[in-house]
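1. what would the 3D arrangement of this be:
(4 chains)
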Number of protein chains: 2
Amino acid sequence: MATLRDVAQAAGVSPATASRALSAPDSVSSGRRFKVLEAAQRLGYQPNRSAQALASGRNRHLGLVLPDLANPYFATIAKGVQLEARESSNAVLVADTDEDPRREHDVVRELQTRVDGVVLCSPRMPEEQILECAARGPLVLVNREIEGIPSVTFDVASGMRQTLLHLRALDHRTIAYVGGPETSWSDRHRRRGLDSVAGITVIDLGPHRPVHAGGFAAADLALETGATAVVCFNDLVALGVVSRLQSRGVAIPSGMNVVGFDNIPGSTYVTPALTTVAVPLQRAGREAAMLLDPSLSPADAAPAQLRLDVELIIRESTAPLTPAP
Amino acid sequence: MATLRDVAQAAGVSPATASRALSAPDSVSSGRRFKVLEAAQRLGYQPNRSAQALASGRNRHLGLVLPDLANPYFATIAKGVQLEARESSNAVLVADTDEDPRREHDVVRELQTRVDGVVLCSPRMPEEQILECAARGPLVLVNREIEGIPSVTFDVASGMRQTLLHLRALDHRTIAYVGGPETSWSDRHRRRGLDSVAGITVIDLGPHRPVHAGGFAAADLALETGATAVVCFNDLVALGVVSRLQSRGVAIPSGMNVVGFDNIPGSTYVTPALTTVAVPLQRAGREAAMLLDPSLSPADAAPAQLRLDVELIIRESTAPLTPAP
DNA sequence: TGCCACAATGAAACCGCATTCATTCCTTTC
DNA sequence: GAAAGGAATGAATGCGGTTTCATTGTGGCA
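-> Okay, here's the model as predicted:
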């Protein structure tokens, strides 16, 4: 493998000049620059990343920590991070914590030894641990806000409000809410939106696991309450609710309305397609990765806290309430 | 940040000894080893990865290239790679190629400059490009076999055979096959299994995109053939078929049987739950990562070609054929 | 014409660790 | 008891770039 020295020699310049010709072209006369570039090309020169990293103190590696790669929600964020990383010639190191909050801290620290900055998607890690991690190196939070740390979040309260307004317009008056994990930032903010609409009663079904199985269990509770619509923490839960209701012979939307949250790909695949709140996951990933770019953030600026807009998508799982005949 | 020299000095030994105490403990007397470890602990020493990489020639980084992270199939493989990587204290660099085979080649090469080896999941990259990549550095293929390159594949022909035997046992005689991409290794091997069962007629519906939309389109074709069961290239396609059939008022399994392939999480979430072929995706990821570990493969050995077993999972989308009354 | 500022260049000093090689000291073995 | 072998150690070197600093050469301006 050709080294920078080889290139320099082949071009008849010093290694310093060769280095500059490649990384700061403007600082080299055009004649030599051309000779260096030509030599590099001819020798098939590939800079050694480790050496670059050691000398410059930067890898161009971004870390991404998330609870579960197989969850489409996080996978979509990952795609966004990746898209942005590629454009800024970074690579992405991803670490899945297997939904185990106790492991997250170690995983983040381990990753921080290998990257320039990390995007952390950790709904449940204790705040003080996050602060500790943030002290060790650049870190951006996704879907969670902590004072003093840059973050990208969604306006979930608005999503909930839109949902309730939609249901009220369809004449629903009593709805059930299937909550997510109690400790989740995201669930707390969803609940804020739940309080904001008059003329509709929300029955809280309590916290549930934010997965299909969680919804499966919640469906029976919802049915018992007499609510005419179930609003769910996320689409996975909503899908679970739908499955369970259908297997109990309850038709959707005629027997019960169901609303999800997040607009994951699966929400369109089911019958009936799910009314849900579209959350710009991929964009969030991109924004988070951008916030990590040191060249964009003057070191003394306040940490950016982006809050992205969400949008209710109306599909087939909601419909006007028809009074019992 | 404390360096190895600092630790050595604090422990009263040479840097060489400190280095050995940390990376090859057995080669240092227990007294000094203890002193080094204690000093490292006390100073909060974290080895500089870039320096380690430069000096040793290895990063402990694995690359993973796949068409689409948001596809649960690939996401599950990614989890497996990651699991194994973590156990061997490696980190995983993942690169999503956005289903664009033309980009894959560049992505792999770019990644190869940053990692010790790559796991490549690329159903469609031309064989010669893969060979070229393999020449540049350690590489393991997943779900694809090429002479001379280590790989992990699934016995998909057996899966198809199991499927047909199952359907035949349920009295089906005519089934339709919704194929995957023509160029895919995986589809070719599925077709081999299709030929292996006597007494059942397979109608080939031709190649389709291996996503939900592909199945959606294929459903109508299947209905037209008069087949009593549809066997699909994968679960995503099967889900698409189910959606379309249901929206056309065809009940499953009473009006049509549907079988998927891969056993992705979503296959259990739908109603009816999908009969499908379980493929050990996560295990494949792990095995692939293991094959990349240089300490496990004597350099002169023939490249390992693992073929993992698959298993038909019978759920609700298949049922005995009841003759029309 | 002379002086100064500035651009282009190369020598050399790192960056932080792994590893080779020579040295020392201790244990075996005959 | 002497020679041989082996384990533990430290000095020094190199991995392959980046960056500082000193040097040289150039043009602008008085």
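2. and residue A:176, how close does it get to residue B:185?
-> 48 Å (CB to CB, to the nearest Å). In this view, the C-beta of every residue, glycine as well, is placed from N, C-alpha and C.
3. what about those two, which has more around it?
-> Comparing residue A:176 with residue B:185 by neighbour count (other CB atoms under 10 Å in any protein chain shown), the higher total belongs to residue A:176, at 25 against 21.
4. did I read that right, that one in a strand?
-> Yes - Residue A:176: assigned to a strand according to DSSP: H, G, I helix; E, B strand; the rest coil.
5. for it, give me its contacts.
-> Applying CB atoms under 8 Å, 6 or more residues apart in numbering or on different chains, we find residue A:176 in contact with A:202-205, A:221-222, A:225, A:227, A:229-231.
6. now list the buried members of these.
-> Restricting the contacts of residue A:176 to buried positions leaves A:202, A:205, A:221-222, A:227, A:229-231, with burial counted as 16 or more other CB atoms under 10 Å in any protein chain shown.
7. which non-adjacent residue is nearest residue A:272?
-> What sits nearest to residue A:272 in space, not counting adjacent residues and going by CB to CB, 6 or more residues apart in numbering or on different chains, is residue A:316, at 3.4 Å.
8. kindly report the same for residue A:232.
-> Closest residue to residue A:232 apart from its sequence neighbours, by CB to CB, 6+ apart: residue A:238 at 4.0 Å.
9. and residue A:122, by the same measure?
-> residue A:104 (5.3 Å).
10. and residue A:129, by the same measure?
-> residue A:105 is the one closest to residue A:129 (CB to CB, 6+ apart), at 4.8 Å.
11. how about the helix or strand of chain A with the lowest mean pLDDT against chain B, any contact?
-> Least confident element among the helices and strands of chain A, by mean pLDDT, DSSP states H and E: helix A:266-269 (a mean of 90). Yes - residues of helix A:266-269 contacting chain B under CB under 8 Å from any CB of the partner chain: A:266, A:268-269.
12. how about the residues of the stretch 151-300 of chain A by chain B?
-> A:212, A:239-240, A:242-243, A:246-247, A:265-266, A:268-271.
13. now render those as a markdown table, adding neighbour count and distance to DNA strand D.
-> Compiled in a markdown table, these are given as follows (neighbours: other CB atoms under 10 Å in any protein chain shown; distance: CB to the nearest atom of the strand, whole Å):
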| residue | neighbour count | distance to DNA strand D |
| --- | --- | --- |
| A:212 | 22 | 48 |
| A:239 | 26 | 49 |
| A:240 | 24 | 51 |
| A:242 | 31 | 54 |
| A:243 | 21 | 55 |
| A:246 | 20 | 59 |
| A:247 | 14 | 61 |
| A:265 | 17 | 41 |
| A:266 | 24 | 44 |
| A:268 | 17 | 46 |
| A:269 | 22 | 47 |
| A:270 | 28 | 51 |
| A:271 | 18 | 55 |
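14. just to revisit the earlier point, burial count for the residue nearest to residue A:272?
-> Neighbour tally, residue A:316, other CB under 10 Å: 16.
15. got it, and residue A:283?
-> 19.
16. which stretches of the stretch 1-150 of chain A form helices?
-> Secondary structure of the stretch 1-150 of chain A (DSSP state H, counting those that start in this stretch): helices at A:4-11, A:15-23, A:30-43, A:49-56, A:72-87, A:101-112, A:127-136.
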